[in-house]
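> Kindly generate the corresponding structure for this input.
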Amino acid sequence: MSDQLALLPGYLTAHLQLTLVALLLGTAISLPLGIWVTRRPRTESWVLGIAGVIQTIPSLALLAIMVPALAGASGLATRLLGVGIPSIGYLPAIVGLTLYSVLPILRNTVTGIRGVDPAIVEAARGVGMTSREQLRLVELPLALPVIVAGLRTATVWVVGIATLST
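Predicted coordinates for the structure are as follows:
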């Protein structure tokens, strides 16, 4: 029993690292993609649809799919670049967890920005703000509570699925 307790800090650290890296990558993908989608309404249904399809894959199946997918990518990378990609271990878990974290952050980013009152955006335009200033100083701060709610949802999902990936 004491041998297992001695391993606990290392396992807990690995679990937290896996979770945090996946959430950081998911946020780095979802936030800019969500902003881009709000500026191009035609792409919204496609992007959210693709993220939704990824989300419908069961978590254990997604983690299992990563192994042969990365093995195939490793073969291609070895032929083209002379460098292999590991198909078992940390990388497939990170890729799978990152894919699972994208949808809630992406959907809440789009919802939050779309939910900003048009009169406020028009007032920002009326005082001479550029579209970047409107986004940075008006839309994102007002959408932040909704975006953070998506990040919280993604965190719960990733923590739960990271247990399977270990």
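
> make it CA atoms for all contacts and neighbour counts henceforth
Will do.

> Helix or strand next in line after the lengthiest helix in the chain, which one?
Using DSSP state H, we find that the single longest helix of the chain is helix 2-39. Per DSSP states H and E, the first helix or strand lying C-terminal to helix 2-39 is helix 41-56.

> In the chain, which residue is most central in space?
Gly26 (2.0 Å; C-alpha atoms, centre = their mean).

> residues in contact with that one?
Residues near Gly26 by C-alpha atoms under 8 Å, 6 or more residues apart in numbering: 98-99, 101-102, 105.

> count of residues packed around Arg152?
Using other C-alpha atoms under 10 Å, Arg152 has 16 neighbouring residues.

> Please identify the helix or strand for it.
Counting by DSSP H and E, Arg152 is found in helix 140-165.

> Can you give me the neighbour number for Ser165?
Ser165 has 19 neighbours, counted by other C-alpha under 10 Å.

> Skipping adjacent residues, who's closest to it in space?
Ala93 (5.7 Å; C-alpha to C-alpha, 6 or more residues apart in numbering).

> Would you mind listing the residues in contact with the one you found?
18, 63, 66, 162, 165.

> can you pick the most crowded of those residues?
Counting neighbours by other C-alpha under 10 Å, Leu18 leads these with 23 neighbours.

> residues contacting Thr153?
Contacts of Thr153 (C-alpha under 8 Å, 6+ apart): 104-105.

> Could you provide the contacts of Ala93 in a markdown table, with additional columns for distance to Ile147?
Shown next, in a markdown table, are the contacts of Ala93 (distance: C-alpha to C-alpha, whole Å):
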| residue | distance to Ile147 |
| --- | --- |
| Leu18 | 22 |
| Leu63 | 26 |
| Met66 | 28 |
| Ala162 | 22 |
| Ser165 | 26 |
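
> Show me the two of these that sit farthest apart.
Leu18 and Met66 (15.4 Å; C-alpha to C-alpha).

> mind showing which ranges of this protein have poor pLDDT?
For the chain, applying pLDDT under 70 flags the ranges 166.

> thinking again about what came up before, and the helix holding Arg152, what's buried?
Buried residues in helix 140-165, counting neighbours by 16 or more other C-alpha atoms under 10 Å, are found at 140, 142-143, 146-155, 157-159, 161-162, 165.
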